[in-house]
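A.B. asks: sequence below, structure please.
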Amino acid sequence: MGHLKQDSKKSVGIDAIAVHVPRLYVDLSGEWAQARAATFSEGDVAQLVGKVKKGVGVEHMAVPDAHEDSATLAAMAAVKAIQNAGIDPKDIGYVAVGTETTVDQSKSIAAYVLGMIERRFNVQMPDVGAPQFQFACIGATYALEAAVNMFRAEEHTKPYALVIATDVSKYPLLTAGEYTQGAGAVAMLVCENPRLLAIDPKTAATVTRDERDFFRPNGLQTAVVDGKYSIDVYLDCMTLAADRYLERARAAFNKPGARIDELASHLLFHVPFPRMAEYAALRILGDAWRKDSRIKDEIVREVPLITDTNIDKDPKARKAYEKQLADSAFFRHFFATTIEPSLTLSRKIGNIYSGSLYLALASLLESTENRASLAGQRIALLSYGSGASARVFSGTFVDPAHAYIPHAATDLKNEQDGGRRVALSVKDYERLHSGPKSEDSTTPGSLLQPAESLRAPKNEFALTRVGAEQSAQKTDTGYRYYEWMK
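C.D. replies: This is a model prediction of the structure:
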């Protein structure tokens, strides 16, 4: 299943991938649960922990320190990708960032990152394009598409493009969104004849609708979310995009009638929270399996509702069918082997918006003990951004055993266990969440100097100050200054 031959033509795809997350995190089963139980579970701590760990699927959420933002996270991931791949940064001709938590309303994060790369490696890269792509969580997928198509059109000027997904997910305290926060960045080097993942040409499918499921109006630091409606829009758009992907993929691979789980060995979803991947799998696979008599007959004893003819017409019938399917041994086994390996990192990090799909890719690589076994396997990537757009595409692993350097799992260990993570108290977490303060209520938060960091930056990029000068000689009010801190 999913082992298909590469096209003889020159391939384009991901040569290397790297993840960077803040070292600070909140343990959602510890002090935070005790502090929030009165709000979320009528004082029942165990109930809240169960709701968060099982109902949502997260254990920890990464929290940026005062010197960190989506630009520093992106630059750190970029440095890791360049070092892991062993390339000269001057061989990069294009830097594209996907984000929904930009640091400036005009200048792209990619331009800031370019400057940080130049200073870190002591190089000059003046002939590099550096755009930013914004469309909620799908922005990085559009950035990747642009980079890949640049190589396919032979418009590239250098051997590599650098695509980065970076975000800081933030919701108001004491709201349901609080335990779906997170922060991190994923950087990918794109080139011809990639060592990691060759992306399939002429198979990607996109669906876009004008929706209000999730948005962040100008001036707000946190997003506005219509929870249940947002999930429904996600599932609707993803299902349509998956159907259109299948039409193109069946033709491209000469596999008429094949289901998505027959074309791909692993399904990777956009993961705002891990349980969402299960909802999406139940919708897409549940529809595919009940419409295929070959597998329908195999499932019907465990899932008799698969024969219900009202599923497409009645939301209650669909919900009952998907619940029954979710409880079946058939689905649990499929999920554990095909989807769960892509969720291990997000359980420890939380929602990183545009990077969550690519964190799922890194998670699959980290979770696979014998990465050589992935070579030749096709994966389907199901991307989504609220507002709303879904894009489904696929790729085939080339030589993941040698192309990927595992590090994320080690980084996520606590300091005392040889890692770099530091657990936050609720008091420190809430201070960081509130951001820098000013007694002058007329000063926008973006113009304030960074607050004092809980852990001094070391061997990383840091936001050191925000410009405050406005004179005949120089104007830099609000400009962000980043430095490499040894």
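A.B. asks: quick check: A165 touching T99?
C.D. replies: Yes. Counting by C-beta atoms under 8 Å, T99 is a contact partner of A165 at 7.2 Å. All C-beta spots, glycine's among them, are computed from the backbone N, C-alpha and C.
A.B. asks: more neighbours: which of the two?
C.D. replies: More crowded of A165 and T99, by other C-beta atoms under 10 Å: A165, with 33 against 30.
A.B. asks: who's in contact with the more buried one?
C.D. replies: The contact partners of A165, by C-beta atoms under 8 Å, 6 or more residues apart in numbering, come to 97-99, 139-140, 143, 185-187, 352-355, 357-358.
A.B. asks: which one of those is nearest to N254?
C.D. replies: Distance from N254 was checked for each of these by C-beta to C-beta. The minimum falls on L357, at 27.3 Å.
A.B. asks: circling back to that earlier point, let's see which of the contacts of A165 end up in strands.
C.D. replies: Secondary structure of the contacts of A165 is defined by DSSP state E; positions in strands are 97-98, 185-187.
A.B. asks: show me what the helix or strand containing E278 is packed against.
C.D. replies: The secondary structure element spanning E278 is helix 274-290 (assigned by DSSP states H and E). On a contact count with 3 or more C-beta pairs under 8 Å, 6 or more residues apart in numbering; DSSP states H and E, helix 274-290 meets helix 227-253, helix 260-263, strand 266-269, helix 293-299, helix 315-326, helix 329-338.
A.B. asks: which residue is nearest the middle of this protein?
C.D. replies: For the chain, the residue sitting closest to the mean C-alpha position, by C-alpha atoms, centre = their mean, is S356 at 1.4 Å.
A.B. asks: could I get the average pLDDT for the helix holding E278?
C.D. replies: In this model, helix 274-290 has an average pLDDT of 97.
A.B. asks: pull that helix out as CSV, backbone CA atoms only.
C.D. replies: As requested, the backbone C-alpha atoms of helix 274-290 are provided in CSV (Å, rounded to 0.1, in the frame of the first residue of the first chain):
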residue,chain,number,x,y,z
PRO,A,274,-4.5,16.1,17.9
ARG,A,275,-8.1,15.0,18.3
MET,A,276,-8.9,17.0,15.2
ALA,A,277,-6.9,14.6,13.1
GLU,A,278,-9.1,11.8,14.3
TYR,A,279,-12.3,13.8,13.4
ALA,A,280,-10.8,14.4,9.9
ALA,A,281,-9.8,10.8,9.4
LEU,A,282,-13.3,9.6,10.5
ARG,A,283,-14.9,11.9,8.0
ILE,A,284,-12.7,11.2,5.0
LEU,A,285,-12.0,7.5,5.5
GLY,A,286,-15.5,6.9,6.9
ASP,A,287,-17.0,8.1,3.6
ALA,A,288,-14.4,6.3,1.5
TRP,A,289,-14.9,3.0,3.3
ARG,A,290,-18.7,2.9,3.2
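A.B. asks: got the angle between it and helix 329-338?
C.D. replies: Here helix 274-290 runs at an angle of 120 degrees relative to helix 329-338 (axes from the mean of the first three to the mean of the last three C-alpha atoms, to 10 degrees).
A.B. asks: quick one: contacts of helix 274-290?
C.D. replies: Taking contacts as C-beta under 8 Å, 6+ apart, the residues outside helix 274-290 that touch it are 55-58, 231, 234-235, 238-239, 242, 259-261, 267, 269-271, 295-296, 299, 306-307, 311, 321-322, 325-326, 331, 334-335, 339, 342-343, 346-347, 360, 382.
A.B. asks: quick one, which of those are buried?
C.D. replies: 56-58, 231, 234-235, 238-239, 242, 259-261, 267, 269-271, 295, 299, 306, 311, 321-322, 325-326, 331, 334-335, 339, 342-343, 346-347, 360, 382 (16 or more other C-beta atoms under 10 Å).
A.B. asks: now the worst-scoring helix or strand of the chain on mean pLDDT: buried residues?
C.D. replies: Sorted by mean pLDDT, DSSP states H and E, the helices and strands of the chain end with helix 408-411, the least confident at a mean of 78. If you call a residue buried by 16+ other C-beta under 10 Å, then helix 408-411 has these buried ones: 408, 411.
A.B. asks: after that helix comes which helix or strand?
C.D. replies: Moving toward the C-terminus from helix 408-411, the next helix or strand (DSSP H and E) is strand 422-423.
A.B. asks: in the helix or strand hosting A401, what's buried?
C.D. replies: When secondary structure is defined using DSSP H and E, the element that contains A401 is helix 400-403. For helix 400-403, burial by neighbour count (16+ other C-beta under 10 Å) applies to 400, 403.
A.B. asks: ranking the contacts of A165 by neighbours, who comes first?
C.D. replies: Using other C-beta under 10 Å as the neighbour criterion, G355 leads the contacts of A165 with 37 neighbours.
A.B. asks: verify the contact between that residue and A140 for me.
C.D. replies: Yes. Contact criterion C-beta under 8 Å: G355 and A140 qualify, at 6.4 Å.
A.B. asks: need the overlap of contacts for the two.
C.D. replies: The overlap between the contact sets of G355 and A140 (C-beta under 8 Å, 6+ apart) consists of 165, 186.
A.B. asks: now the helices and strands packed on helix 274-290 as TSV including distance to T477 and mean pLDDT?
C.D. replies: Formatted as TSV, those follow (distance: least, C-beta to C-beta, whole Å; pLDDT from 0 to 100):
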stretch	distance to T477	mean pLDDT
helix 227-253	36	96
helix 260-263	51	98
strand 266-269	42	98
helix 293-299	62	93
helix 315-326	52	97
helix 329-338	52	97
